[in-house]
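**Student:** the sequence and its predicted three-dimensional model are supplied below.
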Amino acid sequence: MRALYIGRFQPYHLGHHAVIKQIASEAEEVIICIGSAQRSHELDNPFTAGERYMMISKSLREEGILNFYIVPVLDVNWNAVWVSHVESLIPPVEIVYTNNPLIERLFKERGYEVRTPMLFNRSEYSGNEIRRRMLNNEDWECLVPRAVVTVIKEIDGMSRLRELTRRDE
Ligand code: ATP
Ligand code: MG
């Protein structure tokens, strides 16, 4: 069985990691789509698709998990064709895992089995909370896999995020 998991991963955190580890132990292969791949250098979307790719890939490899493929997916801003767009980019999958109600609806309408994984510590394991902590110099490292800390330090992601709050006035 091949499974699909979709997120923006801004950044990849321990909630995503727990779910993907679980799926990878049950499915033969996990296809991980990096959504809104074209977005970066924005307060809500600071990291490029390539940077997010490194975060996911290094975190999973570090745990010896190798049965995954990562596919960046650009937005099409057209919900009715979005599933076909994703299908055109990924290997065939049987099951879609998501907590996003719109993604659930769109894949169900195309006949897919959709499963809703458990949420882990959602108040802290959240992209929004992690970006907030980065901007306020609070501890965010404890909310992401170690490999993600390394990637964000390597690309100097903290100062990128801080500079994104500046104005030209
Ligand atoms: P943001 O706050 O930027 O929206 P996010 O934490 O919701 O970030 P996404 O990349 O938007 O992360 O989510 C991808 C998928 O991961 C979604 O289906 C989301 O519901 C799920 N998810 C997010 N946080 C958790 C968590 N703590 N445990 C399990 N699944 C999670
Ligand atoms: Mg989200």
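**Tutor:** On my side now, so go ahead. Ligands and ions are numbered 1, 2, ... in the order given.
**Student:** close to ligand 1: what parts of this structure are there?
**Tutor:** Residues of the chain lying near ligand 1 by Cβ under 6 Å from any ligand atom: 7-10, 15-16, 19, 98-100, 117, 119-122, 125-128. The C-beta positions use only the backbone N, C-alpha and C, and glycine is treated the same way.
**Student:** strands of this structure, start to end?
**Tutor:** Applying DSSP state E to the chain gives strands spanning 2-7, 29-34, 68-72, 95-97, 113-115.
**Student:** format the ones you listed as a markdown table; extra columns: distance to residue 23 and mean neighbour count.
**Tutor:** Shown next, in a markdown table, are the strands of the chain (distance: least, Cβ to Cβ, whole Å; neighbours: other Cβ atoms under 10 Å):
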| stretch | distance to residue 23 | mean neighbour count |
| --- | --- | --- |
| strand 2-7 | 5 | 22 |
| strand 29-34 | 5 | 23 |
| strand 68-72 | 9 | 16 |
| strand 95-97 | 6 | 21 |
| strand 113-115 | 9 | 14 |
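**Student:** could you dump the ones you listed into CSV with distance to residue 161 and mean pLDDT added?
**Tutor:** Below are the strands of the chain laid out as CSV (distance: least, Cβ to Cβ, whole Å; pLDDT from 0 to 100):
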stretch, distance to residue 161, mean pLDDT
strand 2-7, 19, 98
strand 29-34, 19, 98
strand 68-72, 21, 98
strand 95-97, 28, 98
strand 113-115, 33, 98
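**Student:** what about the helices in the chain?
**Tutor:** 14-26, 49-62, 79-87, 101-109, 127-135, 146-154, 157-163 (DSSP state H).
**Student:** so which of these is the most packed in?
**Tutor:** Mean neighbour count, computed with mean count of other Cβ atoms under 10 Å, is highest for helix 49-62 among those, reaching a mean of 20.
**Student:** and that helix, how far from the chain's centre?
**Tutor:** Distance of helix 49-62 from the chain centroid (Cα atoms, centre = their mean, to the nearest Å) equals 10 Å.
**Student:** check which helices and strands it is in contact with.
**Tutor:** Contact partners of helix 49-62 among helices and strands, from 3 or more Cβ pairs under 8 Å, 6 or more residues apart in numbering; DSSP states H and E: helix 14-26, strand 29-34, strand 68-72, helix 146-154.
**Student:** between the last one and helix 127-135, how big is the angle?
**Tutor:** Spelled out, that is helix 146-154. In terms of direction (axes from the mean of the first three to the mean of the last three Cα atoms, to 10 degrees), helix 146-154 departs from helix 127-135 by 50 degrees.
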